[in-house]
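>>> Any chance you can model this:
(one chain, ligands or ions: 1)
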Amino acid sequence: MTASIFSCRLLRFLLTAVLSLCVAHAAIAAQPLVRDLPPGLQIPAAAQPGPNFTVDSATEAYLGLLSPEQHQSSDRYFEGGYWLQLWDLLWSVGACVVLLVTGVSRRMCDLSRRVSRSPWVSTPIYIVLFLTALFLLELPLSIFADFLREHQYGLSEQSFGGWMRDQLISATVNALLAAVILTFIYAAVRRTGTRWWVWATGLTLVFLMFVQLIAPVYLLPLLNDYKPLPDGPVKQAVLSLARANQVPTDRVEWFDESKQTTRISANVGGLLNTTRIAMNDNLLNKTSLPEIRAVLGHEMGHYVLNHLWKEPILLSLLIGAALGLLSVGLDRALASWGGRLGLSDRADPAALPLAVASFSVIFFLLTPLQNLIVRSYESEADAFGLNASREPYGWAMSAMRLSTYRKLHPGKFEEFMFYDHPSGYERVRAAMIWLKENQPPAGK
Ligand SMILES: [Zn+2]
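Residues are numbered from 1 along each chain as shown. The predicted model follows:
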């Protein structure tokens, strides 16, 4: 009975998704709006230094670089993302419930135990099977949110085949990494009883640092080609910025992300000897040298201010809080429904969908806190970047370019709830404050 109600709901979900896809498809054909600002640095007259310069009017002048249609499109894309976060949660919880009530999870777990009686072998096999099933059940929403919607808003020109290939690569890597960390977490569950979540938190931190260490060398190149940036003014400017700010690397690379997205991006990634500076081809092709210096100044800020260490530590603590709540909730849920669903106890991997669904709900509620942590580090890197690059115009311009995917001027509450980076308005304003405070004295 319960199963049929869920299949009915799932069917309705799928129908809604198909309808949304058709609507989105029609919108692709009907929307020729150019969303990117033209290449090159623009400096509005009101942002020029002089006796009439004010931070407010300079900031407004930057926001005026976008047409009303471009503003609307930016707001619509980002605000739609608020709802997508909710649909994404409901969809994945629904998928986990389907796997539980249909007995699929139980059967996958039994199958993995037939392969080996050792939990060190059967647990990772089950986890890979579970994540594959979850990937397939979540695929309709992924196609809508990450493929069709990105095309609808001009944020991607990738073919469906190319997109699907990337999804399969990411899903495979995620499944393998998740199999490793969850196998260790299940060992902790078996050995440490009700304190398992403390061990799981520590393991999560080690895992996050490990992924950060190997990502530049082993993970990111699976999706994109990373090549040394040829000698020239951009490379010289980036190396000079790195030397001046004690970023100990001379590896500057570019990668071909324009095949996936029209967004600009860069990062200073890796730890220890995997550290390298990378920027995507959109940043190189669509922006100006002052913008590149400003963006790289920000990215170097993350490195120099040790965000690569601090952020995983704080996020692990947040995950730890969520795991603590999960440990209480999961035991109660298993006591109430475990018998009916054929699940024994918290160490039974077949109960993983229940744990994942509960954890997703708890972590969803903690999203504003997660955003607060990430946003405050981003603000720090913003300030560092402005001081390091001394490019307020470049920073303001690149902040305006991010309007293709981030609403420029949210309300305070909206920013607190949904923004993991400062808004474009805040960034342009910070750049104009920096400009005002660093204007050359009159007569020089
Ligand atoms: Zn950043």
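>>> Let's see the helix or strand where residue 294 lies as CSV, backbone CA atoms only.
Taking DSSP states H and E as the definition, residue 294 sits inside helix 289-304. Provided in CSV are the C-alpha atoms of helix 289-304 (Å, rounded to 0.1, in the frame of the first residue of the first chain):
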residue,chain,number,x,y,z
LEU,A,289,44.0,42.1,-17.0
PRO,A,290,42.8,44.2,-14.1
GLU,A,291,39.9,41.8,-13.6
ILE,A,292,42.2,38.8,-13.8
ARG,A,293,44.5,40.4,-11.2
ALA,A,294,41.5,41.2,-8.9
VAL,A,295,40.1,37.7,-9.2
LEU,A,296,43.4,36.0,-8.6
GLY,A,297,44.1,38.4,-5.7
HIS,A,298,40.9,37.0,-4.1
GLU,A,299,41.8,33.4,-4.8
MET,A,300,45.3,33.9,-3.3
GLY,A,301,43.6,35.4,-0.3
HIS,A,302,42.0,32.0,0.4
TYR,A,303,45.4,30.4,0.2
VAL,A,304,47.3,33.0,2.3
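>>> and the gap between the residue nearest to residue 279 when sequence neighbours are not counted and the ion?
With sequence-adjacent residues excluded and distances taken as CB to CB, 6 or more residues apart in numbering, residue 279 is closest to residue 266, at 3.9 Å. Bear in mind the C-beta positions are built from the backbone N, C-alpha and C, glycine included. According to CB to the ion, to the nearest Å, residue 266 stands 9 Å off from the ion.
>>> Where does the prediction get shaky in this protein?
Regions of the chain meeting the criterion pLDDT under 70 cover residues 1-32, 440-444.
>>> List the residues that contact residue 381.
The contact partners of residue 381, taken as CB atoms under 8 Å, 6 or more residues apart in numbering, are 298, 299, 301, 302, 305, 307.
>>> Neighbours of the third one, how many?
For residue 301, the neighbour count with other CB atoms under 10 Å is 25.
>>> list the contacts for the closest residue to it other than its chain neighbours?
Nearest residue to residue 301, sequence neighbours excluded (CB to CB, 6+ apart): residue 384, at 3.1 Å. By CB under 8 Å, 6+ apart, residue 384 lies in contact with 297, 298, 300, 301, 304, 305.
>>> do you know how far the residue lying closest to the fifth one once chain neighbours are set aside is from residue 324?
The shortest distance from residue 304 to any residue other than its chain neighbours is 5.6 Å, reached at residue 245 (CB to CB, 6+ apart). Between residue 245 and residue 324 the distance, using CB to CB, to the nearest Å, works out to 38 Å.
>>> which one of those two has more residues nearby?
residue 245 (19 against 15).
>>> can you count the residues close to the spatially closest residue to residue 223 that is not a sequence neighbour?
The shortest distance from residue 223 to any non-neighbouring residue, by CB to CB, 6+ apart, is to residue 166 (5.7 Å). The number of residues packed near residue 166 is 18, by other CB under 10 Å.
>>> List the residues that contact residue 166.
158, 223, 260.
>>> ditto for residue 342
103, 106, 350.
>>> Now render those residues as TSV, adding secondary structure, distance to residue 337 and neighbour count.
TSV is the format used below for those (DSSP: H, G, I helix; E, B strand; the rest coil; distance: CB to CB, whole Å; neighbours: other CB atoms under 10 Å):
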residue	secondary structure	distance to residue 337	neighbour count
103	coil	13	14
106	helix	13	17
350	helix	13	25
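>>> Report the contact partners of residue 216.
Contacts of residue 216 by CB under 8 Å, 6+ apart are 226, 269, 270, 274, 275, 276, 278.
>>> any idea how far it is from residue 278?
As for residue 216, its distance to residue 278 is 7 Å (criterion: CB to CB).
>>> Common neighbours of the two, please.
Both residue 216 and residue 278 are in contact with 226, 269, where contact means CB under 8 Å, 6+ apart.
>>> Can you report how many residues lie near residue 308?
The burial count for residue 308: 17, using other CB under 10 Å.
>>> Residue 44 too?
17.
>>> Verify the contact between it and residue 63 for me.
No - Residue 44 is beyond contact range of residue 63, at 9.4 Å (criterion: CB atoms under 8 Å).
>>> give the contact list for residue 415.
Applying CB under 8 Å, 6+ apart, the residues near residue 415 are 423, 426.
>>> Would you agree it falls within a helix?
Yes - looking at residue 415 with DSSP: H, G, I helix; E, B strand; the rest coil, it is inside a helix.
>>> any idea how far the strand or helix carrying the residue nearest to residue 223 is from the chain center?
Secondary structure from DSSP H and E places residue 166 in helix 160-192. Centre-to-centre, helix 160-192 and its host chain are 17 Å apart (CA atoms, centre = their mean, to the nearest Å).
>>> Look up how far the ion lies from residue 210.
Distance of residue 210 to the ion, given as CB to the ion: 21 Å.
>>> Any figure for the gap between that residue and residue 219?
Noted for residue 210: a distance of 11 Å to residue 219, by CB to CB.
>>> Spit out the residues that contact these two alike.
Between them, residue 210 and residue 219 share no contacting residue, judged by CB under 8 Å, 6+ apart.
>>> Pick out the residue of the stretch 51-200 of the chain closest to the ion.
As assessed by CB to the ion, the ion sits closest to residue 78 within the stretch 51-200 of the chain, at 17.4 Å.
>>> Tell me the residues of the protein that contact the ion?
The chain comes close to the ion at residues 378, 381, as judged by CB under 5 Å from the ion.
>>> at 6 Å instead, please
298, 302, 378, 381 (CB under 6 Å from the ion).
>>> May I ask which of the residues you listed has the most neighbours?
Going by other CB under 10 Å, residue 298 tops those with 25 neighbours.
>>> Spatially, what comes nearest to that one if we skip its sequence neighbours?
residue 385 (3.4 Å).
>>> likewise residue 156?
residue 150 (4.0 Å).
>>> State the helix or strand in which that neighbour lies.
helix 149-152.
>>> ranges for the helices of the stretch 101-250 of the chain?
Counting by DSSP state H, counting those that start in this stretch, one finds helices in the stretch 101-250 of the chain at the ranges 104-115, 119-142, 149-152, 160-192, 196-214, 233-244.
>>> Who are the contact partners of the residue nearest to residue 298?
Residue 385 makes contact with 294, 295, 296, 297, 298, 299, 300, 301, 395, according to CB under 8 Å, 6+ apart.
>>> quick one: which of those residues is nearest residue 113?
Distance to residue 113, by CB to CB, is smallest for residue 299 among these, at 46.6 Å.
>>> hang on, isn't that closest one packed against residue 280?
No - counting by CB under 8 Å, residue 280 is not a contact partner of residue 299; they are 11.8 Å apart.
>>> Return every residue with contacts to both of these two.
Joint contacts of residue 299 and residue 280 (CB under 8 Å, 6+ apart) are residue 266.
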